[in-house]
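Engineer: next input, structure requested:
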Amino acid sequence: MQKTKRKYAPKQNSQQSVSHDEGFNENLPRDKTAEQAIIRCLVDEIELIDDVSLTIQGPHEFYYDAYQCIYEHLLDMHKNNLKCDIVLLGKRLKNHYDDERVGGTSGLAELFEIEPIATHLMHYAKIVHENYLARELINITSTVAQEAALPGANVIEEIEKCAKKLSALESGRSLNTETASMKHISLMYVKEMRETERAIANGTYKQEYVPTGFIHLDDIIYGGFSPGQLITIAARPSMGKTALAMNIAQHMAVNDKNAIAFFSLEMSRYELVSRMLVAETGIPMKILRRHYYRKEEQDQLLKTLEKFSESPMFIYDDTRCTVADIAREARSLKKYNDLKAIFIDYLGLIVPESTEYIPRHESIGKTVRELKILAKELQIPVVCLAQLNRLAEGDPSPKLSTLRSSGDIEQDSDIVMFVHREDAGMTQTEAQECGVEGMAELILAKHRNGRIENIPVHWEREYARFSTYRDPNSLNQEF
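Structural biologist: The predicted model follows:
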């Protein structure tokens, strides 16, 4: 007697009953019919697997072992441009001794008991993917709960482990062959190009890079700091590292309205805001600190503070900050405020995670590596300030070699930029007499994706502000 085919109408996260003989946990989310529907559609039209693989990251996302097995074979058949139908699939399974794993002939015949709608394929894929995420979430939280319940458990460490796993799960990143293949990467690239074209056409395109506000620097680094980059800004003490970082962060947040997190491990948030006020208003710090401002200056300060209050900038001034602390706040800001960049002032003050003694250069190297991983995880630029070692003090111009004794800063950074001022260590009068007042350079010593160059900038000592250099010999030339 011929079995009647049934139409498939899936339900999100539906719970199909599975016998204990099959070895499955009855409480875990799954949808057998959705998995069947995907396999059936792909057997009929294997080319559709390219679309499915954009949502389902691999065979491991299927709950049922039989469908994991079939999907794995379908991927391989498609990869090798092999034809596919129920007969060819059955023969292949038998040749690879996987026919019993899928339930033999009756297991394959079960696929043809339903008639899925091919145009609903991505809906089926979404159901399977979300069920997989739900199972992983259950697994992560139950594991963490068990570990946290153990006597002497480090609760903070368990929270951080959980946060990392959840973040990776939410981002959909996992180590598997399908997503690592050039074919998958190319498909994703084409998809991104098409989405960008559509966004530009309908006026909704948002640039991924974050401009620094320094014209020539942005030109060299292709528009600004890019997602996933680790940028190191290094200099000797009192060269203006913090001032430069604040100038860039202020441009990003106040002018361009990008959400920025600034972690200051040295200065208080009120000191930083004072610097921002001076840089923005041109009112000298000595007037601001002593409250000697006139009525019009007070009005200007209040108006500027109102402007600051509307900017998506977050300043943290906890002096005992670990990478885990930074990551926790950054993940939250990324989720709820669309965080675009992180600034850290500065690397040497980040508290190591481990309580055990390890050499200083190893500790810094580990910290730098974790910051690079964070940048890639959140897909935002992380800008970290670093102090040059004493060897650099006799050097008129800093070089990458001065960083090499400081862990793996040079290796893991995508951009290394030195701040150099000709008038450093001079009084204003001395700088004027030597003709070097306000002369400064941003030395782009490493640029992983482009050229390196020394970029002239103007330093305004009274306002602790760097600004775009304007060539006095040309009315239009700006750097």
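Engineer: for the stretch 201-350 of the chain, which segments count as strands?
Structural biologist: 230-235, 259-264, 313-316, 339-345 (DSSP state E, counting those that start in this stretch).
Engineer: rebuild those strands as TSV, extending it with mean pLDDT, mean neighbour count and distance to Asp423.
Structural biologist: (Glycine included, C-beta is placed from N, CA and C.) Listed next are those as TSV, based on pLDDT from 0 to 100; neighbours: other CB atoms under 10 Å; distance: least, CB to CB, whole Å:
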stretch	mean pLDDT	mean neighbour count	distance to Asp423
strand 230-235	93	26	14
strand 259-264	94	24	25
strand 313-316	93	19	29
strand 339-345	95	25	22
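Engineer: dump those into CSV; add distance to Ala440 as well.
Structural biologist: As requested, those are exported to CSV (distance: least, CB to CB, whole Å):
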stretch, distance to Ala440
strand 230-235, 10
strand 259-264, 22
strand 313-316, 24
strand 339-345, 18
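Engineer: the ones you listed: which one's closest to Met122?
Structural biologist: strand 339-345 (29.5 Å; CB to CB).
Engineer: helices or strands up against the closest one?
Structural biologist: Other helices and strands packing on strand 339-345, by 3 or more CB pairs under 8 Å, 6 or more residues apart in numbering; DSSP states H and E, are helix 241-250, strand 259-264, helix 323-337, helix 360-378, strand 382-387.
Engineer: what's the closest of these to Val190?
Structural biologist: Using CB to CB, the nearest of those to Val190 is helix 360-378, at 22.0 Å.
Engineer: list the contacts of the closest one.
Structural biologist: 167-168, 171, 173, 227-230, 323, 326-327, 330-331, 334, 339, 342, 344, 347-348, 350, 352-354, 358, 381-382, 384, 405-409, 412-413 (CB atoms under 8 Å, 6 or more residues apart in numbering).
Engineer: what are the boundaries of the helices in the stretch 51-200 of the chain?
Structural biologist: Taking DSSP state H, counting those that start in this stretch as the test, the helices found in the stretch 51-200 of the chain are 65-79, 86-95, 104-110, 121-148, 155-171, 177-180, 182-202.
Engineer: packing partners of the longest one?
Structural biologist: So that's helix 121-148. By 3+ CB pairs under 8 Å, 6+ apart, helix 121-148 packs against helix 32-44, helix 49-52, helix 155-171.
Engineer: what mean pLDDT does that helix have?
Structural biologist: Averaged over helix 121-148, pLDDT sits at 88.
Engineer: ok, the first one next?
Structural biologist: Per-residue pLDDT values across helix 65-79 average out to 88.
Engineer: just checking, what packs against that helix?
Structural biologist: helix 32-44, helix 49-52, helix 86-95.
Engineer: which positions in the first one come out as buried?
Structural biologist: Spelled out, that is helix 32-44. Lys32, Thr33, Ala34, Glu35, Gln36, Ala37, Ile38, Ile39, Arg40, Cys41, Leu42, Val43 (16 or more other CB atoms under 10 Å).
Engineer: between these, which is nearest Ile49?
Structural biologist: Closest to Ile49, out of all of the buried residues of helix 32-44 and judged by CB to CB, is Leu42, at 5.4 Å.
Engineer: my guess is that closest one meets Ser53, correct?
Structural biologist: No - using CB atoms under 8 Å, Leu42 is not in contact with Ser53; the gap is 10.4 Å.
Engineer: what about the stretch 301-450 of the chain, any weak spots by pLDDT?
Structural biologist: For the stretch 301-450 of the chain, applying pLDDT under 70 flags the ranges 354-355, 389-396, 404-407, 425.
Engineer: can you rerun that using 80?
Structural biologist: 353-361, 389-399, 401-408, 422-438 (pLDDT under 80).
Engineer: what do you get for the stretch 101-250 of the chain?
Structural biologist: Residue ranges of the stretch 101-250 of the chain with pLDDT under 80: 107, 111-114, 152-153, 155-158, 160-161, 164-192, 195-196, 199, 204-207.
Engineer: could you rerun that using 70?
Structural biologist: Residues of the stretch 101-250 of the chain that meet the cut-off, pLDDT under 70, sit at 170-181, 184.
Engineer: and the host helix or strand of Met417, what does it pack onto?
Structural biologist: Assigned by DSSP states H and E, Met417 falls within strand 415-421. Where contact means 3+ CB pairs under 8 Å, 6+ apart, strand 415-421 is packed against strand 230-235, strand 439-447.
Engineer: with distance to Ala245 added, can I get these in JSON lines?
Structural biologist: Shown next, in JSON lines, are the helices and strands packed on strand 415-421 (distance: least, CB to CB, whole Å):
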{"stretch": "strand 230-235", "distance to Ala245": "6"}
{"stretch": "strand 439-447", "distance to Ala245": "12"}
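Engineer: quick revisit: which of the helices and strands packed on helix 65-79 has the lowest mean pLDDT?
Structural biologist: helix 49-52 (a mean of 83).
Engineer: run the chain-centre distance for it.
Structural biologist: Put simply, helix 49-52 sits 26 Å off its chain's centre (CA atoms, centre = their mean, to the nearest Å).
Engineer: go through that helix and flag the buried ones.
Structural biologist: Neighbour-count burial for helix 49-52 flags Ile49, Asp51, Val52 (criterion: 16+ other CB under 10 Å).
Engineer: residues making contact with it?
Structural biologist: By CB under 8 Å, 6+ apart, helix 49-52 touches Ile38, Leu42, Leu74, Leu75, His78, Leu121, Met122, Ala125, Leu187.
Engineer: derive a ChimeraX selection command for the buried subset of those residues.
Structural biologist: In ChimeraX, a selection of the buried entries from the contacts of helix 49-52 looks like this (16+ other CB under 10 Å):
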select :38,42,74,75,78,121,122,125
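Engineer: which one of the contacts of helix 49-52 is nearest to Gln432?
Structural biologist: Gln432 lies nearest to Leu187 out of these, by CB to CB, at 60.7 Å.
Engineer: which non-adjacent residue is nearest that closest one?
Structural biologist: The shortest distance from Leu187 to any non-neighbouring residue, by CB to CB, 6 or more residues apart in numbering, is to Asp50 (6.0 Å).
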